[in-house]
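[1] Here is my input; please provide its structure:
(2 chains)
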Amino acid sequence: NAGVTQTPKFRVLKTGQSMTLLCAQDMNHEYMYWYRQDPGMGLRLIHYSVGEGTTAKGEVPDGYNVSRLKKQNFLLGLESAAPSQTSVYFCASSYRGVAGEQFFGPGTRLTVL
Amino acid sequence: GQQVMQIPQYQHVQEGEDFTTYCNSSTTLSNIQWYKQRPGGHPVFLIQLVKSGEVKKQKRLTFQFGEAKKNSSLHITATQTTDVGTYFCAGLDSGYALNFGKGTSLLVTP
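    Numbers count the residues shown, from 1 in each chain, chains lettered A, B, ... in the order given. Below you'll find the predicted structure:
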């Protein structure tokens, strides 16, 4: 099992460009999450999904969109990147929702110039 | 909204010394989870506490959940260089998402 994988690992964007981060899990988990991690800020939830075809906003959703067309994939989109979106992005999945262990991917380091 | 505060922000110890990080919530939690993140790595689940006053041990690590379910602690006995990393607590109240503390970064020097 690969667990949770994320692509790409690194990306540099110019302000205003768009991109999509892909998260895939092979554990048949219903719940998936996107977090961002900034120095000294811990992990903040951007969006989450409780199952295929469903998404919901987290703590810091502005500037991001998500889609969960397939159970194993959760996509995070930036329509018009801003320097404030420079961060490390982690995807996670869980079997029992927030009441259970979350499995994290290796992260995507994004720099917006 | 729920706030999860974690102290200290940083801790530097000599190998063999003990280490403790504390987590405090403004609201009563239904559960609390602890994660470890090695430098350059991703968070890895350590444990979950659910019951009031619960104490769990994993080798040299001891986790406690307060009686009021508003605070928790992680204690490491006789630290080793392999313990280096950032330790996060994450609390769940009645909401939909875990609220992560800002973490405690532990540095262990031999």
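[2] CA only for contacts and neighbour counts going forward, please
    Fine.
[3] what's the closest non-adjacent residue to whichever residue of chain B sits closest to chain A?
    Chain A sits closest to residue B:102 of chain B, with a gap of 4.0 Å, by CA to the nearest CA. Nearest residue to residue B:102, sequence neighbours excluded (CA to CA, 6 or more residues apart in numbering or on different chains): residue A:42, at 4.0 Å.
[4] is chain A contacted by the worst-scoring helix or strand of chain B on mean pLDDT?
    Least confident helix or strand of chain B, by mean pLDDT, DSSP states H and E, is strand B:99-100 with a mean of 91. Yes - against chain A, strand B:99-100 shows contacts by CA under 8 Å from any CA of the partner chain at B:99-100.
[5] Pull up the pairing partners for that strand, direction included.
    Using DSSP bridges, the strands paired with strand B:99-100 in its sheet are strand B:85-92 (antiparallel).
[6] interface residues of chain A facing chain B?
    Counting by CA under 8 Å from any CA, chain A sits next to chain B at A:40-45, A:58, A:90, A:98-107.
[7] Sort out for me which of these are in strands.
    A:42-45, A:90, A:103-104 (DSSP state E).
[8] Just list the residues touching residue B:105, thanks.
    B:9-11, B:84-87 (CA atoms under 8 Å, 6 or more residues apart in numbering or on different chains).
[9] Do you know the pLDDT at the nearest residue to residue B:66 once chain neighbours are set aside?
    Leaving aside its sequence neighbours, residue B:66 sits nearest to residue B:53 (CA to CA, 6+ apart; 4.9 Å). Note on residue B:53: pLDDT of 97.
[10] circling back: take the ones in strands among the residues of chain A next to chain B and write them to CSV, including pLDDT and neighbour count.
    Compiled in CSV, these are given as follows (pLDDT from 0 to 100; neighbours: other CA atoms under 10 Å in any protein chain shown):
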residue, pLDDT, neighbour count
A:42, 87, 19
A:43, 94, 24
A:44, 94, 23
A:45, 93, 22
A:90, 98, 27
A:103, 96, 22
A:104, 97, 25
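[11] just the strands in chain A please.
    Under DSSP E, chain A gives strands at A:4-7, A:10-13, A:19-25, A:31-38, A:42-49, A:56-57, A:64-67, A:73-78, A:87-94, A:103-104, A:108-112.
[12] sorry, back to before: drop anything exposed from the contacts of residue B:105.
    The neighbour-count criterion (16 or more other CA atoms under 10 Å in any protein chain shown) marks B:9, B:84-87 among the contacts of residue B:105 as buried.
[13] Next, the buried residues of stretch A:42-57.
    A:42-52, A:55.
[14] need the contact list for the closest residue to chain B within chain A.
    Nearest to chain B in chain A, going by CA to the nearest CA, is residue A:42, at a distance of 4.0 Å. By CA under 8 Å, 6+ apart, the contact set of residue A:42 is B:88, B:100-103.
[15] With that, I have no additional questions.
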